[in-house]
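J.: Build me a structure from this.
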Amino acid sequence: MQVRTRKFALGVAVVAAAISTLAIAPAANASPAPAAATQAVTADAAPPTVALDPSTFSGPLVIAVPSGHEVVVNVKAGDAPKVIADVQAADRAGKTQTLGKVMAPMSGCGETVRSVAGPGTWWTSVQGCAVAGYNGYNRQYHWENGSDVELCTNGRGYNSSHAAAWYSTGCSGGDYSVPWGNVLAYTQMQGFSLSGVTGAAYLWRA
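T.: Next comes the predicted model:
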């Protein structure tokens with residue numbers, strides 16, 4: 001069971017996503033998963049969905065820019081490719097952003113998601129923000145343990161084969177970076193309770 005706390009109204013729907021027409025940046029290094037977690041990932045037959053299609057996407061969107069900030073916009077269907085290009089071009093040129101709200105690094109859409117790690121198995125969270133990256137971009141996840149039970153987590157990212165993948169985001173709360181690249185997709189996490197008997201709650205910044 002997932003409970004969300006929103007700092008502003010953001011509709012995040014669980015959708016059947018289309019394949020992204022954008023190029024994917026080469027994968028960056030991610031923290032290795034613990035032995036038990038690695039075995040669980042290998043046994044998980046349900047990989048995360050593919051990236052979203054910018055030409056049909058509509059709704060709230062976090063656009064990552066090379067300066068390290070994030071620009072939050074609301075786009076209509078068909079507008080995302082141009083808005084993303086204009087926002088990132090303005091950032092590279094050092095111009096003032098006029099298409100959205102500039103946020104500090106890692107502030108994202110301002111949403112905190114409460115999720116539960118499965119007892120001895122991976123449980124997948126609801127989806128978080130829709131994020132548009134750029135070549136070489138790594139998405140940062142922040143999470144905190146919300147229980148007395150130890151757990152490990154994975155964050156959703158994108159590899160050099162244009163496919164969504166789970167990357168280890170450690171077994172203690174903090175900030176973790178996963179490969180993302182030039183992709184428009186929803187953030188998402190998984191949790192694995194190390195107790196093997198009970199689940200474990202955790203909070204993550206979408």
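J.: quick one, longest helix in the protein?
T.: Secondary structure of the chain per DSSP state H: the longest helix is helix 80-92.
J.: pLDDT weak spots in the chain?
T.: 1-50, 104-108, 110 (pLDDT under 70).
J.: hang on, the earlier thing: what's the following helix or strand after the longest helix of the chain?
T.: Counting by DSSP states H and E, the element after helix 80-92 in chain order, helix or strand, is strand 101-103.
J.: That next one - contacts with which helices or strands?
T.: If you count contacts as 3 or more C-beta pairs under 8 Å, 6 or more residues apart in numbering; DSSP states H and E, strand 101-103 packs onto strand 70-75. In this view, the C-beta of every residue, glycine as well, is placed from N, C-alpha and C.
J.: In this structure Ser172 contacts Asn145, no?
T.: Yes: between Ser172 and Asn145 a contact is recorded at 7.4 Å, counting by C-beta atoms under 8 Å.
J.: Tell me which of those two has more neighbours.
T.: Asn145 (18 against 12; other C-beta atoms under 10 Å).
J.: what sits against that one?
T.: Leu151, Ser172, Gly173, Ala200, Ala201, Tyr202 (C-beta atoms under 8 Å, 6 or more residues apart in numbering).
J.: and if you look at Leu203?
T.: So Leu203 contacts Thr112, Val113, Arg114, Ser115, Trp143, Glu144, Gly146 (C-beta under 8 Å, 6+ apart).
J.: and these, which are buried?
T.: Buried members of the contacts of Leu203, counted by 16 or more other C-beta atoms under 10 Å: Thr112, Val113, Arg114, Ser115, Trp143, Gly146.
J.: OK, contacts around the last one?
T.: Taking C-beta under 8 Å, 6+ apart, we find Gly146 in contact with Arg114, Ala200, Ala201, Tyr202, Leu203.
J.: Make CSV from those residues and add distance to Leu52 and secondary structure to it.
T.: Shown next, in CSV, are those (distance: C-beta to C-beta, whole Å; DSSP: H, G, I helix; E, B strand; the rest coil):
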residue, distance to Leu52, secondary structure
Arg114, 24, strand
Ala200, 30, strand
Ala201, 28, strand
Tyr202, 25, strand
Leu203, 25, strand
